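Engineer: give me a 3D structure for the following:
(one chain, ligands or ions: 1)
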Amino acid sequence: MDGAVPVVLGAFASAFVALFSEASARADTMEAVVLDYALQCQGCHLASGQGGGDIPSLHGVGRLAQFPGGREYLARVPGVTNASIDDARLARLLTWVLERWSSDDLPGDFTAYQAAEITNWRTPLPNPAAARAGLTADP
Ligand code: HEC
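Structural biologist: Numbers count the residues shown, from 1 in each chain. Alright, predicted model coming up:
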């Protein structure tokens with residue numbers, strides 16, 4: 001029975017290490033996306049996400065994803081397509097922005113943006129205002 005205590009302790013230790021590294025991996029991803037927001041979006045949309053002047057607020061903007069074409073619109077505004085990060089990071093950043101400030105406004109079936117979608121849509125809309133107006137207009 002002498003061996004039992006170290007074995008049990010060893011199991012606790014590895015569970016603890018696994019938990020800890022999972023949490024710190026999540027923290028790394030979290031910090032990376034916060035930094036991406038700071039460098040790619042915050043200069044215009046501000047740290048609060050509220051924009052100002054000609055810059056729209058990002059609060060509640062996820063409601064646009066409820067309209068046909070809305071998911072694409074959100075990915076194709078120039079500030080998004082022109083961000084200087086790769087498609088996978090941009091997918092994560094845009095998803096984070098929408099979940100952070102639009103969690104109550106996103107469609108119920110909303111799923112995270114995938115890198116491949118961003119790749120497909122990474123050309124800026126020629127006329128974002130017209131595209132936005134078209135989303136909510138009656139067909
Ligand atoms: C250079 C300033 C600038 C930067 C940087 C910028 N945006 Fe924007 N954003 C705008 C402007 C201006 C609009 C309005 C549409 C247009 O004219 O481009 C907009 C529109 C949007 C919209 C649609 C809002 C609506 O109500 O229709 C979203 C979503 C958005 N931006 C997200 C982002 C994200 C995410 C980033 C960072 C990756 C970002 N933007 C970076 C200026 C910027």
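Engineer: can you tell me how far whichever residue of the chain sits closest to the ligand sits from residue 45?
Structural biologist: Among all residues of the chain, residue 79 sits closest to the ligand, at 2.2 Å; criterion: CB to the nearest ligand atom. For every residue, glycine as well, the C-beta is placed using N, CA and C. Distance of residue 79 to residue 45, computed by CB to CB, to the nearest Å: 8 Å.
Engineer: what's the answer for residue 21, then?
Structural biologist: Residue 21 sits 33 Å away from residue 45, going by CB to CB.
Engineer: with residue 115 instead?
Structural biologist: 22 Å.
Engineer: these two: which has the busier surroundings?
Structural biologist: The residue with more neighbours, out of residue 115 and residue 45, is residue 45; 22 against 14, by other CB atoms under 10 Å.
Engineer: excluding its backbone neighbours, what's nearest the more buried one?
Structural biologist: Counting by CB to CB, 6 or more residues apart in numbering, residue 45 lies nearest to residue 51, which is 4.9 Å off, once chain neighbours are set aside.
Engineer: quick check: buried residues in the helix or strand containing residue 32?
Structural biologist: Remark: residue 32 resides in helix 4-40, with elements defined by DSSP states H and E. Across helix 4-40, burial judged by 16 or more other CB atoms under 10 Å covers 33, 36-37, 40.
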